[in-house]
Structure formats: C-alpha cells, structure tokens
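> Next comes the sequence, and after it the predicted model I'd like to discuss.
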Amino acid sequence: MVTTVALALAAGCSSSQPVAPPTSSQAPPPITQGELCDVLKKFFTTELHAVDARTIPNISTDALLKHGGVCELAQGQNPIGSYSVRNAPDDADPTWGRRGFVMTPELGEAVWVYDLRTDQGNPSNTVRFATRINKWNAVLEIRDTETQTDKGELHLTDDDKRKSVKFLTELTTRLAVDR
C-alpha cells in the first residue's frame with residue numbers, strides 16, 4: 001500500500017480531488033423587454049415558420065424584466081401571438097383565472113392548454129399555453145390561422161404544440177430563477 005501511494009505521488013498523481021473554480025450563487029441578471037421580444041420572434045419564425053413577423057414591446061426595450069413582461073407579435077396589422085409572464089408568489093393559477101384551460105400532462109408536468117379552435121361556446125383560431133415555474137406564471141398565445149407561414153396559414157400540429165410547450169417552459173424557467 002505504501003509503495004502504491006509513493007508511486008502515485010512520484011508519478012505526479014494525487015489522491016485529492018481537483019478544486020473546481022468557485023461558482024456564484026447569484027441569479028443571472030434579468031433579461032430586457034427587447035430580449036424577450038427577440039426570443040419570441042425567433043421562436044415564431046424559426047420553429048413555426050412565420051414570415052414577416054414584427055415585435056410589439058409593451059414597454060421600453062431596455063427595461064429589465066424583474067417582475068414580469070409582455071411581448072406581442074404581429075404580421076402587418078394582424079396580431080399573431082404573445083408571451084406574458086409575471087412573478088406571482090401568491091397566485092398559483094398560471095391561467096390568470098381564464099376558463100377553458102385544461103391541464104395537459106402529456107405535454108408537460110405543469111402545462112395547461114386552452115385550444116379555442118375546439119371550444120363550442122367561444123370558437124376562435126387561438127391556442128393558449130400556460131405554465132407555472134417556481135413562482136412565475138406565463139401564457140403563450142398563438143393565433144393559429146392568423147399566422148402566415150411561407151406555405152400559408154399556420155394550422156398548429158401536435159408537433160407544433162410540443163415545440164410551443166418547450167419554448168414556454170424553457171423561457172419561463174429562465175425568468176423564474178430565484179432573484
């Protein structure tokens with residue numbers, strides 16, 4: 001045993017673990033309104049293939065989103081979607097009290113969907129996705145047939161819904177880091 005340790009030390013090996021650089025326990029800085037809108041637009045154009053989308057920030061693009069934010073997208077004068085998020089420590093309802101949302105575990109553990117395209121009492125072309133991550137509530141709204149792609153109207157597929165949920169939960173998780 002002494003020989004093995006001596007050989008290991010002589011060869012430059014050490015039995016101690018390498019020291020990792022210290023990590024910061026501080027949360028990353030909040031994103032700006034402009035960054036939120038850029039991320040939303042990128043999702044619509046890259047994943048849903050929307051064309052000619054433009055952002056409509058609700059506040060200055062330099063404003064930090066410490067407690068929440070909203071960004072809307074449009075094509076021409078037609079709204080095609082939005083993302084809204086808020087820090088809501090005392091409100092566990094990510095749907096903001098809207099009726100019609102259904103918890104949809106097949107799309108994600110904390111995901112609710114309201115597909116107004118199938119709502120007999122209030123049909124429209126809108127699909128809303130909601131989630132709660134930590135103490136943050138968020139809603140992603142997509143106006144299905146209002147959104148024009150390079151092939152015509154969007155017509156959300158199940159794959160598009162999965163992409164939408166992934167986008168919603170990843171962006172909300174990024175914002176929901178304890179600050």
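That came through fine.
> so Leu64 touches Pro30, yeah?
Yes: taking contacts as Cβ atoms under 8 Å, Leu64 lies within contact range of Pro30: 4.6 Å. (Each C-beta comes from the backbone N, C-alpha and C, glycine too.)
> Comparing those two, which residue is more hemmed in?
The neighbour comparison of Leu64 against Pro30 (other Cβ atoms under 10 Å) goes to Pro30, with 17 against 13.
> can you pull the contacts of the more buried one?
Neighbour list for Pro30: 64-66, 175, 179 [criterion: Cβ atoms under 8 Å, 6 or more residues apart in numbering].
> Tell me the spacing between it and Thr55.
Distance of Pro30 to Thr55, given as Cβ to Cβ, to the nearest Å: 18 Å.
> now swap in Leu107 and tell me
26 Å.
> ditto for Leu156
Relative to Thr55, Leu156 is positioned 20 Å away (Cβ to Cβ).
> Give me the distance from the top helix by length along the chain to the chain's centre.
When the chain is scanned for its longest helix (criterion: DSSP state H), the result is helix 158-175. Counting by Cα atoms, centre = their mean, to the nearest Å, helix 158-175 is centred 5 Å from the centre of its parent chain.
> So which elements touch that helix?
If you count contacts as 3 or more Cβ pairs under 8 Å, 6 or more residues apart in numbering; DSSP states H and E, helix 158-175 packs onto strand 78-87, strand 111-115, strand 126-133, strand 136-143.
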